[in-house]
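predicted model follows, preceded by the sequence.
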Amino acid sequence: MVRFPYQRLANLFDALQLEILPQEELAKRFAVSTRTVRADITALNDILEKYGAQFVHTRGSGYQLCIENPELFSALQQPDRLKLSTPRTVTDRVHYLLQRFLTSAFSLKLEDLADEWFVSRGTLQNDMAEVREHLARYQLNIEAKPRYGMKLFGSELAIRACLTDLLFELHTANSSHPLLTPEVFAVQALPQLVDFMHILMSQSAIRLTDEGEQYLIFYCAVAIKRITDGYPLSDFMVEEGDEAVKQASSRLAAEIRRLVAKEISPAEEAYLRVNIAARRMQNVMPTEINADDDEALVDYILSYINAHYNYDLQGDAQLRADLLTHIKTMITRVKYQINIPNPLLANIKQHYPMAYDVTLAAISSWGKYTPYSLNENEIGFLVLHIGVGLERHYNIGYERHPQVMLVCDTGNSTIRMIQAQIGRKYPQIVMTRVISLRDYEQMAHIDEDFIISNARLTEKNKPVVVMSPFPTEYQMEQLGKLVLVDRTRPYMLEKFFDQQHFMILEEALSQEQLFKRICEQLEQEGYVGSDFYPSVVEREAIVSTMLGEGIALPHSLGLLAKKTVVITILSPQGISWGDGEIAYVIFLLAISKTDYEEAMAIYDLFVTFVRERSMSRLLSSENFESFKAIAIDCLSRI
């Protein structure tokens, strides 16, 4: 049995078992240099030598696993390879601490855990700050009593939600994570739940995404554990809903009753009903959805975007249908405070910054007139729909030729997003149909030229191209017939950046002081009015404008500028941007309605800086001319 000396080696080993990858792609996936990749491959080969295998580099294709002794190599592939006896990293310790507090009926002492995990009490004390912050999102808190230790307090629904989210997060990152074993969570019924859930949803004609079904299975496992441990739900009521959902929840409650050998309260069944309804996918036309809240919200979002950003999406029937379908179940989740994870949230903010701001502004305005409050995860899902709609109408004019089938079963928004990504990069592609993983497995013959899938498939009579929801550059090249030459970003630099609005801050400033100084300058120069500064402050208060990699993009809610300009601020000392983040390169945007069509390209410029990790190079600029030269060089590398 082998244990890799650090986690990146284990991840690298797993990635290269699935496909042949060049070192440039590996460097991007693991956020390291190509030199580090070569060093890791050498370290891996030193380990694999004892197991009759090596990673061999082939020019033009990449690293490939070559197995000389299959018998020896099979020992390396045992599932136990991934098991950890103790948490070794900060992330692991936080996950282990969450698991302990969420499942323990007694108080816990950090001294005992420190001895068990071979770390100091001080180390765990530092980790507890992140644990408390994570639990606070669910209105859970930890109380400490001298000589007794620490214990978790909060509602049963919150504990279950936090525990289920943790399970789902760990499963998404690594399905073989040691905290997912039956020994840890006592969920021996999980295999039975998987089989039962497949049959139940099929017979009930209720369609869930693969992720939605997996989440529901994990919730049922958590419910079984909590009921078994003596923590049933006793007080939860729900309105009468769809008959199919009601019947499915009754059958699921009966199955849980059988597995725990205890009576199930009506509250348990009611909460199961809400969970099913909140994750149900509905293939309906807009005219078939009659809920006033759904229609009102869609109308408000689209009219707000048109009025404040000059993007007219109100006539997009596909966008309206997608939004209505999503919002119908979203409102159920919001009403009953059911949170569904959005694993793509960080990528959404980075890849769709313009759509994120447009959607956030609309939702923030709508929130002033409604009791509903949407969290970042829900907003992120709406951003995907709006982003796709923007791309569909404001990036047009391409020819499409190859016939392609998309295999994807992770939700309507993800499907639209993948279609938009492919359409933007390879517009000659014609997407003939979209099917689920299960439907694909049942097909004997494929008529299309090839298949694009978000998961690895067994090839049939046509080749399969695997693509993640936010495809890497390498994955897009695999599709490759045509690569579009981009001339937009250098043009943006020339048009909207100038010497007058470039500054290097030598003194230390707070975020508030920076905003006030820059907005006053813009107002004096006639670029903005008096309403610009408060709007910038309001936008920052909603969600941080930190884009990533030390680069921040403060701006107003809506297009309030009289003339478009970008203020470039370099701060070698850094400016605190909230949530422990520091901004070193700040681009304050003032965008006017007359330049709204070019606004998306401006955002894309900054996204490129983040992707290319350009902050350090940009920060080294001595003046505006050197900044512009470095920026153009960074943009030319993509």
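Structure received. Numbers count the residues shown, from 1 in each chain.

the residue nearest to residue 519 when sequence neighbours are not counted: how many residues sit nearby?
Excluding the flanking residues, the one nearest residue 519 by Cβ to Cβ, 6 or more residues apart in numbering is residue 533, at 3.8 Å. (C-beta placed from N, C-alpha, C; glycine too.) Per other Cβ atoms under 10 Å, the neighbour tally for residue 533 reads 19.

quick check: mean pLDDT of stretch 618-631?
Stretch 618-631 shows a mean pLDDT of 90.

need the residues that contact it.
Residues outside stretch 618-631 that contact it (Cβ atoms under 8 Å, 6 or more residues apart in numbering): 493, 497-499, 502, 504, 550, 568, 570, 572, 584-585, 609, 614, 617, 634.

that older thread, and the residue nearest to residue 519, what element?
Following DSSP states H and E, the helix or strand that holds residue 533 is helix 532-542.

what helices or strands is that helix leaning on?
Counting contacts by 3 or more Cβ pairs under 8 Å, 6 or more residues apart in numbering; DSSP states H and E, helix 532-542 packs against helix 353-366, helix 511-524.

would you indicate which residues of the first one are buried?
Spelled out, it's helix 353-366. Neighbour counts over helix 353-366 (16 or more other Cβ atoms under 10 Å) mark 353-364, 366 as buried.

ok, now the last one?
The neighbour-count criterion (16+ other Cβ under 10 Å) identifies 511, 514, 515, 518, 519, 521, 522, 523 as the buried residues of helix 511-524.

would you check how far apart residue 172 and residue 410 are?
11 Å (Cβ to Cβ, to the nearest Å).

let me redo that: residue 517
From residue 517 over to residue 410 the distance is 45 Å, taken as Cβ to Cβ.

residue 172 and residue 410: which has the busier surroundings?
Taking neighbours as other Cβ under 10 Å, residue 172 and residue 410 compare with residue 410 leading, 20 against 14.

go ahead and confirm the more buried one touches residue 208.
No - using Cβ atoms under 8 Å, residue 410 is not in contact with residue 208; the gap is 10.7 Å.

show me what contacts residue 407?
Taking Cβ under 8 Å, 6+ apart, one finds 434, 435, 436, 437, 440, 451, 452, 453, 454, 455, 457, 464 in contact with residue 407.

where along the stretch 351-500 of the chain do the strands fall?
Using DSSP state E, counting those that start in this stretch, the strands of the stretch 351-500 of the chain run over 403-407, 430-435, 450-453, 464-466.

partners of the last one, with directions?
Okay, so that is strand 464-466. In the sheet, strand 464-466 lines up against strand 450-453 (parallel) (DSSP bridges).

average pLDDT for stretch 35-43?
pLDDT averaged over stretch 35-43 gives 89.

what is the strand of greatest length in the chain packed up against?
Ordering each strand of the chain by length in residues (DSSP state E) puts strand 565-576 first. The contact analysis (3+ Cβ pairs under 8 Å, 6+ apart) places strand 565-576 against strand 502-504, helix 511-524, strand 582-590, helix 615-619, helix 624-636.

so which bits of the third one are buried?
With burial defined by 16+ other Cβ under 10 Å, the residues of strand 582-590 counted as buried are 583, 584, 585, 586, 587, 588, 589, 590.

check the spacing between the last one and residue 501 real quick.
In other words, residue 590. 9 Å.

identify the contacts common to those two.
What both residue 590 and residue 501 touch, as defined by Cβ under 8 Å, 6+ apart, is the set 565, 566, 567.

count of residues packed around the second one?
It refers to residue 566. 22.

cool, the one 3 residues further on as well?
The local packing of residue 569 (other Cβ under 10 Å) involves 22 other residues.

start at 802, not 1
In the new count, where the first residue is 802, that last one comes out as residue 1370.

show me what contacts it?
Neighbouring residues of residue 1370 by Cβ under 8 Å, 6+ apart: 1304, 1305, 1306, 1315, 1319, 1386, 1387, 1388, 1389.

name whatever forms a beta bridge with the nearest residue to the second one once chain neighbours are set aside.
Put plainly, it is residue 1305. Spatial nearest neighbour of residue 1305, chain neighbours left out: residue 1371 (4.7 Å); criterion: Cβ to Cβ, 6+ apart. Counting by DSSP bridges, residue 1371 forms beta bridges with residue 1305, residue 1386.

now for residue 1371, how many residues are close by?
Look at residue 1371: counted by other Cβ under 10 Å, it has 18 neighbours.

give me the domain ranges for the chain.
Split into domains by automatic domain parsing, the chain comes to 808-883, 891-981, 987-1082, 1087-1195, 1204-1280, 1289-1437.

and the third one, how far out from the chain's middle?
Spelled out, that is domain 987-1082. 25 Å (Cα atoms, centre = their mean, to the nearest Å).

for the longest one, same thing?
For domain 1289-1437, the separation from the chain centroid amounts to 25 Å (computed by Cα atoms, centre = their mean).

repeat that for the second one.
For domain 891-981, the distance from its own C-alpha centre to the chain's C-alpha centre is 23 Å (Cα atoms, centre = their mean).

returning to what we had before: can you list the strands of the stretch 1152-1301 of the chain in TSV and add distance to residue 854 and mean pLDDT?
As requested, those are arranged in TSV below (distance: least, Cβ to Cβ, whole Å; pLDDT from 0 to 100):
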stretch	distance to residue 854	mean pLDDT
strand 1204-1208	31	81
strand 1231-1236	36	80
strand 1251-1254	27	81
strand 1265-1267	23	80
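
nearest to residue 890, out of those strands?
strand 1265-1267 (28.3 Å; Cβ to Cβ).

what sits against residue 1337?
By Cβ under 8 Å, 6+ apart, the contact set of residue 1337 is 1316, 1320, 1355, 1356, 1357, 1389.

what would those residues look like in CSV with distance to residue 1186 and pLDDT?
Converted to CSV, these look like this (distance: Cβ to Cβ, whole Å; pLDDT from 0 to 100):
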residue, distance to residue 1186, pLDDT
1316, 31, 95
1320, 32, 95
1355, 26, 93
1356, 22, 91
1357, 23, 89
1389, 28, 94
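
between the residues you listed, which is nearest residue 909?
Residue 909 lies nearest to residue 1355 out of those, by Cβ to Cβ, at 41.9 Å.

distance of that closest one from residue 1414?
The value you get for residue 1355 to residue 1414, if Cβ to Cβ is used, is 21 Å.

which residues sit in contact with residue 903?
By Cβ under 8 Å, 6+ apart, residue 903 lies in contact with 953, 960, 963, 964, 967.

just checking, which of the residues you listed belong to helices?
Among these, the members found in helices (DSSP state H) are 960, 963, 964, 967.

can you get me a residue count around residue 1138?
Close neighbours of residue 1138, defined as other Cβ under 10 Å, add up to 14.

and for the one 5 residues further on?
Residue 1143 is surrounded by 19 other residues when neighbours are defined as other Cβ under 10 Å.

next, count neighbours for the nearest residue to it once chain neighbours are set aside.
Using Cβ to Cβ, 6+ apart and skipping the chain neighbours, the partner closest in space to residue 1143 is residue 1178 (3.8 Å). Here the number of neighbours of residue 1178 (other Cβ under 10 Å) works out to 16.

for the one 10 residues further on, same thing?
Residue neighbour count, defined by other Cβ under 10 Å, stands at 24 for residue 1188.

ok, it to residue 1408 distance?
Taking Cβ to Cβ, one finds residue 1188 at 12 Å from residue 1408.

quick one, helices of the stretch 1002-1151 of the chain?
1011-1029, 1044-1061, 1067-1080, 1093-1110, 1118-1136, 1146-1152 (DSSP state H, counting those that start in this stretch).
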